[in-house]
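Asks: dropping a prediction and its sequence here:
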Amino acid sequence: MKIRTAMRFGVTAVVACLVAGCGSNPPEPAFAPSSAAPSTAGPDPALVSWAGGYCAAVKDMRLIVYSLAKNFDIESEADLPKAAASLEKLDTALTAAIGGLEKLPQAGPPAQEANTLASGELAFYRKLHGKVTEYRTLLPRAGVEYAKAALNLSGADLVSHVPSVETAKVPGLDQAMKADKACELVG
């Protein structure tokens, strides 16, 4: 009897140990740690640099229209200096945008369509700059109605302008623009 009781106790202890996991290897984790390095996928640093240069060149052009005198601000000859100052401000911003766009390096594959974006913007700003230069030259002799028309046309050109290439259509450019602080106001 003592043997049976001892045997029952032993079997019960072994079963309890097995159920509790005594002596077994720890369970495998649900996911196995990867030996590969963590992914650092992000925007191409060269494209981020290109985007920063692009945005620095054009960011002022996105908002300048809101700071220019409007045609209703020009009521008499006494208001012509406001028009002249606005056209000078626009001329300065256009000169800076053109200079910045001209300095951009060529974007490489797969984002080479960014070069088309930049060249389209460059052509637009050069054309507008030519108009603004003409407006500024003629303004002192042309009078109030000419000043109003010059401000209207310049503002309308800026507001209605749509780049020839959408940034979303250039592979990686949207991500690169999000990674560069100069692009916060450009979109």
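Replies: That came through, no problem.

Asks: wait, Phe124 touches Val162, no?
Replies: No - using CB atoms under 8 Å as the test, Phe124 is too far from Val162 to be in contact (9.6 Å). C-beta: built from backbone N, CA, C; applies to glycine.

Asks: more crowded one of those two?
Replies: Phe124 (21 against 8; other CB atoms under 10 Å).

Asks: find the nearest non-adjacent residue to that one, please.
Replies: Leaving out its chain neighbours, the residue that sits closest to Phe124 by CB to CB, 6 or more residues apart in numbering is His161, at 6.0 Å.

Asks: what about the one you found, distance to Leu128?
Replies: Separation of His161 from Leu128 (CB to CB, to the nearest Å) stands at 8 Å.

Asks: those two: which has the busier surroundings?
Replies: Leu128 (21 against 16).

Asks: find the nearest non-adjacent residue to the residue positioned nearest the centre of the chain, please.
Replies: Closest residue to the average C-alpha location of the chain: Met177 at 3.0 Å, with CA atoms, centre = their mean. Nearest non-adjacent residue to Met177, counting by CB to CB, 6+ apart: Cys183, 4.0 Å away.

Asks: helices of this protein, residue ranges please.
Replies: 2-20, 45-63, 80-103, 113-142, 144-160, 173-178 (DSSP state H).

Asks: closest to Asp73 out of those?
Replies: Smallest distance to Asp73 across these (CB to CB): 5.7 Å, for helix 80-103.

Asks: now the closest one, how far from the centre of its chain.
Replies: Relative to the centre of its chain, helix 80-103 is centred 23 Å away, using CA atoms, centre = their mean, to the nearest Å.

Asks: relative to helix 113-142, how tilted is that helix?
Replies: 160 degrees (axes from the mean of the first three to the mean of the last three CA atoms, to 10 degrees).

Asks: list the buried ones in helix 80-103?
Replies: 80, 82-84, 86-87, 89-91, 93-94, 96-98, 100-101 (16 or more other CB atoms under 10 Å).

Asks: gap between the residue nearest to the centre of the chain and Ala96?
Replies: Going from Met177 to Ala96 by CB to CB gives 19 Å.

Asks: and Glu166, by the same measure?
Replies: Shown here: Glu166 relative to Ala96, a distance of 24 Å by CB to CB.

Asks: what does Pro45 give?
Replies: For Pro45 relative to Ala96 (CB to CB), the value is 25 Å.

Asks: coming back round to it: closest one to Lys148 out of the buried residues of helix 80-103, please.
Replies: Checking the buried residues of helix 80-103 one by one against Lys148 (CB to CB), the nearest turns out to be Ala83, at 7.7 Å.

Asks: measure that closest one to Leu138 for me?
Replies: Per CB to CB, Ala83 is found 11 Å from Leu138.
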